[in-house]
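Asks: predicted model and sequence follow; I will ask about them next.
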Amino acid sequence: MPTDANPPTPAADQRLSWAQTLRVYLEPASLRMFALGFSAGLPLLLVLGTLSFRLREAGIDRTTIGYLSWVGLAYGFKWCWAPLVDRLPIPLLTRALGRRRSWLLLSQLAIVAGLVGMALADPRAGLDAVVWCALAVAFASATQDIALDAFRIESADTQRQGALAATYQTGYRLAMIWAGAGVLWLAARAETTGGGYQQGAWSTAYLAMAASMAVGVLTVLFSREPVRVELPPARDFREWLRTALIEPFADFLRRYGKHAVLVLALIGVYRISDVVMGIMANPFYVDMGYTKDQVAAVSKVYGVIMTLLGAFIGGALSMRLGVMRVLMLGAVLSAASNLLFAWLSGQAASLTALILVISADNLSAGVASAAFIAFLSGLTNVSYSATQYALFSSMMLLAPKWVAGYSGAFVDHFGYTPFFIGTALLGLPVLLLIWLATRWLPVPSTAAAPSADSPARPGSPA
């Protein structure tokens, strides 16, 4: 089966010029990440952000919407089945497509089925069908993330991970425009009467989202499998269990020793400000009186464009200045931007004010996301890339998603302004953890991508 070789990497002491840095974004691996990022970004809002708008419009209370956000915990536990995605072949598909692409295709088809179910379910008649279909989409989407993260890490060397993260984020955020603004725009256009919740309009919008997964399906079918890290076959089930489940975690602990707790703590809370705040963003827009078209245009289109700009800035700065510096910058900006939402909650509904707040918030989120993905990528060992990256990205969501489940109850009791201030304060411990990580964690070499003979990636990027 044909594979893509990793492009050559400059010597460790050679800094890329700006022209070389920009050309990385046009390499085949970067372009594939753009399309696959779209496939990864599409389901997320449809089971979290956009769904919260839909449910609030259907008259579901904010406390219930907050608890339903726990559907997103599927992303926080994906490390539990990541060893299967890393090692287990799928009959017929793996032989035809390869280890990574077979799991990508299977998960994408499951996402399509779940979105069709969400399209046909009416939340006013009961939430059971909506919740079960949303869980199916979240589980399949998390599985797609596991395979896709491994696909990305194995497609290029360590130095190019920042660029791959940026192009991945570009596709991801464009999908969020479509799954955020697009679904609101389609639902608004499909309404037969003015105002109120209309199930037929939302069904049309969600069916269009299911059809949009064709972007990811076609990319998988026409992509090449990345260079495969050959692993010795297990002699029995016990050995398979050790190599597939235990060894990826043991390898991480061996490489980081006493600093493993610091790394996991930083991963676990880095995005807490954004995640906790984001659950109540769409109910906030509904309660403030913004229309579907206004939210679609400002929050879901203009805001995502600002995130894309931030992602490219973050990816480029990570390659030029080092990931840890940009990680700190992203953490500061993400926490501070939540204070702007506190200010917005005390104003009358103003489109200009909304644009200003969304611009600052999404630009900072883009910078933080690109740096954080590059940071996580640099922590992995390519022999266990799917399992280890799934562990890291799961921990990124586990605590924030759990706390976010109580966001609706908090808003119902205290209001939006204290809630947004509180989410900003949640970001303060992150700054201390980044400072400690910068001082204590080893600085890696970016001389070459690890090979099968020397698979371990070095410590966190500097």
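Replies: Sure, I can see it.
Asks: how far away is the nearest residue to residue 165 once chain neighbours are set aside from residue 318?
Replies: Spatial nearest neighbour of residue 165, chain neighbours left out: residue 373 (3.8 Å); criterion: C-beta to C-beta, 6 or more residues apart in numbering. (C-beta placed from N, C-alpha, C; glycine too.) Relative to residue 318, residue 373 is positioned 9 Å away (C-beta to C-beta, to the nearest Å).
Asks: overlap of the contact sets of these two?
Replies: By the contact definition C-beta atoms under 8 Å, 6 or more residues apart in numbering, residue 373 and residue 318 are jointly contacted by residue 165.
Asks: what's the neighbour count on residue 192?
Replies: By other C-beta atoms under 10 Å, 7 other residues sit near residue 192.
Asks: brain fart, residue 109
Replies: The number of residues packed around residue 109, counting by other C-beta under 10 Å, is 13.
Asks: these two touch, right, it and residue 220?
Replies: No. Taking contacts as C-beta atoms under 8 Å, residue 109 lies outside contact range of residue 220: 10.2 Å.
Asks: anything in contact with each of these two?
Replies: The contact lists of residue 109 and residue 220 share no entry, where a contact means C-beta under 8 Å, 6+ apart.
Asks: contacts for the helix or strand where residue 439 lies?
Replies: Following DSSP states H and E, one finds residue 439 within helix 428-440. Helix 428-440 is touched from outside by 259, 262-263, 265-266, 269-270, 272-273, 324, 327-328, 331-332, 335, 460, 462, with contacts defined as C-beta under 8 Å, 6+ apart.
Asks: list the buried residues in that helix.
Replies: 430, 433-434, 437-438 (16 or more other C-beta atoms under 10 Å).
Asks: gap between the residue sitting nearest the centre point of the chain and residue 370?
Replies: Geometric centre of the chain, nearest residue: residue 41, 7.0 Å, by C-alpha atoms, centre = their mean. From residue 41 over to residue 370 the distance is 14 Å, taken as C-beta to C-beta.
Asks: contact partners for the nearest residue to residue 399 once chain neighbours are set aside?
Replies: The shortest distance from residue 399 to any non-neighbouring residue, by C-beta to C-beta, 6+ apart, is to residue 268 (5.2 Å). For residue 268, the contact set (C-beta under 8 Å, 6+ apart) comprises 395-396, 398-399.
Asks: about what we covered before: gap between the residue nearest to the centre of the chain and residue 137?
Replies: Distance from residue 41 to residue 137, by C-beta to C-beta: 13 Å.
Asks: any idea how many residues pack against the residue nearest to residue 165?
Replies: 29.
Asks: roughly how far is whichever strand or helix holds it from the heart of the chain?
Replies: Element membership for residue 373 (DSSP H and E) is helix 351-379. Remark: helix 351-379 is offset 12 Å from the chain centroid, using C-alpha atoms, centre = their mean, to the nearest Å.
Asks: average model confidence for it?
Replies: For helix 351-379, mean pLDDT is 84.
Asks: the helix or strand following that helix vs helix 351-379, what angle?
Replies: Toward the C-terminus, helix 351-379 is succeeded by helix 385-404 as the next helix or strand (DSSP H and E). Inter-element angle recorded for helix 385-404 and helix 351-379: 140 degrees (by axes from the mean of the first three to the mean of the last three C-alpha atoms, to 10 degrees).
Asks: what average pLDDT does helix 385-404 get?
Replies: Across helix 385-404, the per-residue pLDDT values average to 75.
Asks: and it, what does it pack against?
Replies: Secondary-structure packing of helix 385-404 (3 or more C-beta pairs under 8 Å, 6 or more residues apart in numbering; DSSP states H and E): helix 73-76, helix 82-87, helix 128-153, helix 247-256, helix 260-269, helix 272-279, helix 351-379.
Asks: buried set for the first one?
Replies: Of the residues in helix 73-76, those with enough neighbours to count as buried (16+ other C-beta under 10 Å) are 73-76.
Asks: pLDDT weak spots in this protein?
Replies: 1-26, 156-162, 194-195, 227-237, 240-241, 244-245, 300, 382-387, 389-390, 441-462 (pLDDT under 70).
Asks: pull the CA atoms of stretch 331-344 into PDB?
Replies: C-alpha atoms of stretch 331-344 as PDB (Å, rounded to 0.1, in the frame of the first residue of the first chain):
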ATOM      1  CA  ALA A 331      -3.900  31.300  28.200                       C
ATOM      2  CA  VAL A 332      -3.700  34.900  29.100                       C
ATOM      3  CA  LEU A 333      -5.800  36.100  26.200                       C
ATOM      4  CA  SER A 334      -8.400  33.300  26.600                       C
ATOM      5  CA  ALA A 335      -9.100  34.100  30.200                       C
ATOM      6  CA  ALA A 336      -9.100  37.900  29.700                       C
ATOM      7  CA  SER A 337     -11.500  37.700  26.800                       C
ATOM      8  CA  ASN A 338     -14.200  36.100  29.000                       C
ATOM      9  CA  LEU A 339     -14.400  39.400  30.900                       C
ATOM     10  CA  LEU A 340     -15.600  41.000  27.700                       C
ATOM     11  CA  PHE A 341     -18.600  38.800  27.800                       C
ATOM     12  CA  ALA A 342     -19.300  39.900  31.300                       C
ATOM     13  CA  TRP A 343     -19.300  43.500  30.000                       C
ATOM     14  CA  LEU A 344     -21.600  42.500  27.100                       C
END
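Asks: return the set of buried residues in it.
Replies: Buried-residue list, stretch 331-344, by 16+ other C-beta under 10 Å: 331-335, 337-342, 344.
Asks: repeat for stretch 291-303
Replies: Buried-residue list, stretch 291-303, by 16+ other C-beta under 10 Å: 292, 294-303.
Asks: so what touches it?
Replies: The contact list for stretch 291-303 (C-beta under 8 Å, 6+ apart) reads 53, 176-177, 180-182, 184-185, 187-188, 281-282, 285, 290, 351, 354-355, 358-359, 361-362.
Asks: and stretch 179-189, by the same measure?
Replies: Contacts of stretch 179-189 (C-beta under 8 Å, 6+ apart): 41-46, 49-50, 53-54, 198, 201-202, 204-206, 208-209, 292-293, 295-297, 299-301, 304.
Asks: among those residues, name the ones in helices.
Replies: Judged by DSSP state H, the contacts of stretch 179-189 include 41-46, 49-50, 53-54, 201-202, 204-206, 208-209, 292-293, 295-297, 304 as members of helices.
Asks: having no further points to raise, I will conclude here.
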